[in-house]
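S.K.: give me a model of this one.
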Amino acid sequence: MSDTDQPPTIRYRRPSSTLDTAKETSPSSRKRKIEKLPGSRSRWSQASTLEKVLWLAVVPLRTLICCSNFTIFFLTYFGFMIPVLWAKPLWPRFYWFYEGKLYMWLQAFIGYWGYTADYDVYEYGDDITQYCESDRLLVICNHQSTADVPTLFTVLQSKSVATRKTVWLMDVMFRWTPFGIVGRMHGDYFIQQGKATRDNEIGKLKKHLRKVFWERDRRWVILFPEGGFLYNRKESSQKYAKQHGFPHLEHTTLPRMGAVKAILEEIGPRPVDGSESDMHKSKSSSKLKLIKDTVDALREKKYIKDTRPPIKYVLDVTIAYPNSHVLSLGTLLFGNRENCDIAVNYKIYKAEEVPFQDDEKLRDWMYKVYQEKDELLEHYYKYGTFVDGEPGQRVVFSWRRIIGQYVFWFGSFFVQWKVYSCLIGGVYRFFFPH
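M.R.: You can find the predicted model right below:
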């Protein structure tokens, strides 16, 4: 696949029973309606006898196919990477393009879990299409469950070049998982949380960004500023907010600003140097020379490293689950919840407007963002939309694409098994002849 591959289709959100609650005038009737919102019940409890039989027949096969992402496809990824390791120092542009495609496909397989289980994802808010090609973004997202990352994988599949040019910030506990190992090769960062290691981790994060962000031409840095799942941090966050007079949040927790500050300080907006401006003017005096220099720089993979384009926008992503009943990785894997919709809202900010140079102002800005996020979630849980009258857009994948990718990767695993077995056997017989 190339950068021009056809992205997932986007369709308008189908009307759901949640929208009807906005028309109810009685608070008691609204409450009854909310209690019956889809997503909170098991698939088994809502299925007919025939559907139960079919589900029992499909679940084992579905589970095996999904688990192949952590086993067979994990090995296949390295089978693809080993032959091109030579290109990392000699032809880095090709190497990171090649690696990015494989990384994107592995994300897609996880994104398909929810889609194939009839858990549809709908997108709301700002149109971010224009920010998916060349702009660099800091993406901050609320964190409720293990289904958050697969949900982001789903929406990322329609985000063009940005899909394969991300840097994820994850907890260190994921470092040695299959996707953690792949993420380390890709350039993701695994952060050790805690007061004892905070200052050291911030320094290591900045060093990592200096090494990876421009060297590998990354576009989006993605993190969860809350530092943990909602159900783990909610009580302590509310207690802290009450003690210090900060906003009381029900559906999110007060975010931590250390990583956000470090990212924006290291690769965020920077003041324009007058000497750089004069140098740019002198270069522009000859358009032909400027074009020639630019083409040469691009060919040698120096343009991005030399110009170091900074993060220009902060993308605030809000994930909502039906009736605040979150899904989990297990739910997506087994498909044991009834059909339901997952909502994702986007709001874009200019990075230069974020006061990251001042700790107190940055804290207040982030708390305000999360207070607005909390209000959005409250509205969604009551009425089924983030904003009244706003139609969501459904992310739709082609079944031809899903089946084709699975066939390709399973076939590749079989071929690689034969090839590598032959090579290893040949080496063994060479050194240990009978």
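S.K.: how about the strands of the stretch 301-434 of the chain, start to end?
M.R.: 313-320, 340-350, 393-396 (DSSP state E, counting those that start in this stretch).
S.K.: for the longest one, buried residues please.
M.R.: Just to be clear, that refers to strand 340-350. Going by neighbour count (16 or more other C-beta atoms under 10 Å), the buried part of strand 340-350 is 340-349. C-beta here means a position set from N, CA and C on the backbone, and glycine is covered the same way.
S.K.: tell me which of the strands of the stretch 301-434 of the chain lies nearest to residue 367.
M.R.: strand 313-320 (12.9 Å; C-beta to C-beta).
S.K.: for the closest one, name the packing helices and strands.
M.R.: strand 137-141, helix 148-156, strand 340-350, helix 359-383 (3 or more C-beta pairs under 8 Å, 6 or more residues apart in numbering; DSSP states H and E).
S.K.: out of those, nearest to residue 397?
M.R.: helix 148-156 (8.5 Å).
S.K.: residues touching the closest one, excluding its own?
M.R.: Residues from elsewhere that reach helix 148-156, judged by C-beta atoms under 8 Å, 6 or more residues apart in numbering: 107-108, 110-111, 113-115, 121, 123, 141-142, 162-163, 166, 222, 224, 317, 319, 329, 332, 342, 344, 395.
S.K.: now do 7 Å
M.R.: 107, 110-111, 113-115, 121, 123, 141, 163, 222, 319, 329, 332, 342, 344, 395 (C-beta atoms under 7 Å, 6 or more residues apart in numbering).
S.K.: rewinding a little: adding mean pLDDT, write the strands of the stretch 301-434 of the chain out as a markdown table.
M.R.: Formatted as a markdown table, the strands of the stretch 301-434 of the chain follow (pLDDT from 0 to 100):
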| stretch | mean pLDDT |
| --- | --- |
| strand 313-320 | 98 |
| strand 340-350 | 96 |
| strand 393-396 | 95 |
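S.K.: any chance of JSON lines for the ones you listed, columns distance to residue 174?
M.R.: Shown next, in JSON lines, are the strands of the stretch 301-434 of the chain (distance: least, C-beta to C-beta, whole Å):
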{"stretch": "strand 313-320", "distance to residue 174": "18"}
{"stretch": "strand 340-350", "distance to residue 174": "21"}
{"stretch": "strand 393-396", "distance to residue 174": "25"}
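S.K.: for residue 253, find the nearest of these.
M.R.: strand 313-320 (13.4 Å).
S.K.: show me how far the lengthiest helix in the chain is from its chain's centre.
M.R.: In the chain, with assignment by DSSP state H, the single longest helix is helix 399-431. Distance of helix 399-431 from the chain centroid (C-alpha atoms, centre = their mean, to the nearest Å) equals 29 Å.
S.K.: what packs against it?
M.R.: If you count contacts as 3 or more C-beta pairs under 7 Å, 6 or more residues apart in numbering; DSSP states H and E, helix 399-431 packs onto helix 72-81, helix 92-116.
S.K.: pick the most buried one from those helices.
M.R.: Counting by mean count of other C-beta atoms under 10 Å, helix 92-116 has the highest mean neighbour count of those, with a mean of 20.
S.K.: the inter-axis angle of the following helix or strand past that one versus helix 148-156?
M.R.: Downstream of helix 92-116, the next assigned helix or strand under DSSP states H and E is strand 119-125. Angular relation of strand 119-125 and helix 148-156 on a 0 to 180 degree scale: 70 degrees, by axes from the mean of the first three to the mean of the last three C-alpha atoms, to 10 degrees.
S.K.: quick one: contacts of strand 119-125?
M.R.: 13, 114, 151, 154-155, 327, 332, 340-347, 386, 390, 392-395.
S.K.: so what pLDDT did the spatially most central residue of the chain get?
M.R.: Nearest residue to the geometric centre of the chain (C-alpha atoms, centre = their mean): residue 152, 4.0 Å. pLDDT, residue 152: 97.
S.K.: ditto for residue 366
M.R.: Per-residue pLDDT puts residue 366 at 98.
S.K.: residue contacts, it?
M.R.: 225, 255, 257, 260 are the contacts of residue 366 under C-beta under 7 Å, 6+ apart.
S.K.: roughly how far does it sit from residue 407?
M.R.: For residue 366, the distance to residue 407 (C-beta to C-beta, to the nearest Å) stands at 45 Å.
S.K.: please apply the same query to residue 111.
M.R.: 18 Å.
S.K.: for residue 143, same thing?
M.R.: 34 Å.
S.K.: that older thread, ok, which of the strands of the stretch 301-434 of the chain comes nearest residue 231?
M.R.: The nearest among the strands of the stretch 301-434 of the chain, by C-beta to C-beta, is strand 313-320 at 14.5 Å.
S.K.: which residues does that closest one contact?
M.R.: Here strand 313-320 has contacts from 128, 131, 135, 137-142, 144, 148, 151, 342-351, 354, 369, 373, 376-377, 380, using C-beta under 7 Å, 6+ apart.
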